[in-house]
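Chemist: coords please:
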Amino acid sequence: MSKRLLFKLGLVIASVAAVSAILVGCGGKSAANTATSSTLYLSVLSDIVSSVGCVNTSAVHQGENLAFRVKVIDPLTNEPMDDTLLQSVTAKLPDGQTFNLTYGGHPSSAPTDNFWSAPWEVPLTYPTGTLGYEVDVVAKDGRTGTYQQFNVAASSLNVVAYNPAFVAGKTISISATGASPAALVCSQGAKVTFSNKDTVAHDIAGDGWDSGSIAPGKTFARVFSDAGTFNYHDTTNPAISGSITVNPAPTATK
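Modeler: Got it, this is the predicted structure:
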C-alpha cells in the first residue's frame, strides 16, 4: 500500500471521528455519549450552620444543635437536584454515625432557597476535637457524588466544650389533648418553650415556677439551668401534665 493511499485512508478515519464527535455534542445517541453521561460525578456543595442564629460555623459545642446543608448540582444541566432526581444524600461522621438529609425550602416560614439538610444535636458527652465529615450522594440514575471537607483543622468540623449559651432549645406543644412531647429530654441550660396550640388559654406550672396564662397562639419559655427531672402540669386542666429530664453538663477536665 502506497504512502499516498495510507494518507487518504487516515483522512477518512479522521472525518468519521469528527462526525461522531459532532453528533455527541448535538445530543446524537451514541454508545460513547451514554457511557460518558452515566459516569459523570455529581457536584456536591456543603456547609454547617448553628441553630443559634443559623450562621455558618465549623466549631460546634457539646449540646448544640447544628444542621448539615447540601446542594447537589447536575453537571449535565448545571441545575440543582431535588428528591425527584436523587435517591439518597447522607452525611457521615468518622465514628460511623450517618444522617439522612431531606429536601425542602428554607427557612420554613418563608423559603428563599431549597436544599438538602439534616439536624444533629451534639451529645453532651461527645468528645471534643476535630472530626470533619463527608457527604455521599446517589442519584436515581446511578450516578454518585462525594463531598469531603479540607483536611485543615481550622475549617473542619470541630466539637468544642459545652457552653450553656449554645445549648439546643426545645419546644413543648400544648393542645386540648395534652402536651407533646409529654416526656421531654434536653441538655442542662436549655431553653424550653411551651407553645399553646389550643383555642383556649393554658397555665403551665412546675416546682417553684408558673407560666401564667398563655393565650392561644402564644408561648412561654423557661431556661432549665439545673440537671434532673422536673414535672409540670396545667393548672387550668389537671389532665395535662408532663416531665422534663435535663441531662447534666459535662464536667470540665483539666
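Chemist: would residue 124 count as being in a helix?
Modeler: No - using DSSP: H, G, I helix; E, B strand; the rest coil, the secondary structure at residue 124 is coil, not a helix.
Chemist: Hmm, it is touching residue 187, no?
Modeler: Yes - using Cβ atoms under 8 Å, residue 124 is in contact with residue 187, at 5.4 Å. Backbone N, C-alpha and C define where each C-beta goes, glycine included.
Chemist: These two: which is more packed in?
Modeler: The neighbour count for residue 124 versus residue 187, taken as other Cβ atoms under 10 Å, is higher for residue 187 (28 against 19).
Chemist: how's this structure carved up into domains?
Modeler: The chain breaks down by automatic domain parsing into domains covering 43-163, 169-247.
Chemist: returning to what we had before: check the contact lists of residue 124 and residue 187 and give me the overlap.
Modeler: 63, 247, 249 (Cβ atoms under 8 Å, 6 or more residues apart in numbering).
Chemist: Return the member of those nearest to residue 203.
Modeler: Among the shared contacts of residue 124 and residue 187, residue 247 lies closest to residue 203 (Cβ to Cβ), at 27.1 Å.
Chemist: how about the helices in the stretch 1-150 of the chain?
Modeler: Using DSSP state H, counting those that start in this stretch, the helices of the stretch 1-150 of the chain run over residues 3-25, 31-38.
Chemist: Go through the ones you listed and find the least confident stretch.
Modeler: Mean pLDDT is lowest for helix 3-25 among the helices of the stretch 1-150 of the chain, at a mean of 37.
Chemist: pLDDT below threshold where in the stretch 101-250 of the chain?
Modeler: Within the stretch 101-250 of the chain, the set of residues satisfying pLDDT under 70 is empty.
Chemist: can you pull the contacts of the closest residue in space to residue 233 that isn't next to it in sequence?
Modeler: Leaving aside its sequence neighbours, residue 233 sits nearest to residue 241 (Cβ to Cβ, 6 or more residues apart in numbering; 4.1 Å). The neighbours of residue 241, taking Cβ under 8 Å, 6+ apart as the test, are 179, 182, 231-234.
Chemist: could you redo the last one with a cut-off of 10 Å?
Modeler: Residue 241 makes contact with 178-179, 182, 204, 231-234, according to Cβ atoms under 10 Å, 6 or more residues apart in numbering.
Chemist: between the shared contacts of residue 124 and residue 187, which has the most around it?
Modeler: residue 63 (26 neighbours).
Chemist: That one is in contact with residue 191, isn't it?
Modeler: No - between residue 63 and residue 191 there is no contact under Cβ atoms under 10 Å: 12.0 Å.
Chemist: overlap in contacts of these two?
Modeler: 164, 167-168.
Chemist: Of those - the most surrounded one?
Modeler: residue 167 (28 neighbours).
Chemist: and the gap between that residue and residue 55?
Modeler: Separation of residue 167 from residue 55 (Cβ to Cβ, to the nearest Å): 16 Å.
Chemist: same check, this time on residue 129
Modeler: 22 Å.
Chemist: Could you verify that residue 251 is part of a strand?
Modeler: No - using three-state DSSP, the assignment for residue 251 is coil, not a strand.
Chemist: Show the contacting residues for it.
Modeler: Contacts of residue 251 (Cβ under 10 Å, 6+ apart): residue 162.
Chemist: Kindly report the same for residue 244.
Modeler: With Cβ under 10 Å, 6+ apart, residue 244 has these contacts: 170, 172, 181, 183-186, 190, 192, 206, 222, 224, 228-232.
Chemist: Now name the helix or strand holding it.
Modeler: For residue 244, the host element (DSSP states H and E) is strand 237-247.
Chemist: Could I get the buried residue list for that strand?
Modeler: Buried residues in strand 237-247, counted by 16 or more other Cβ atoms under 10 Å: 240, 242, 244, 246-247.
Chemist: go on, stretch 62-74?
Modeler: 62-72, 74.
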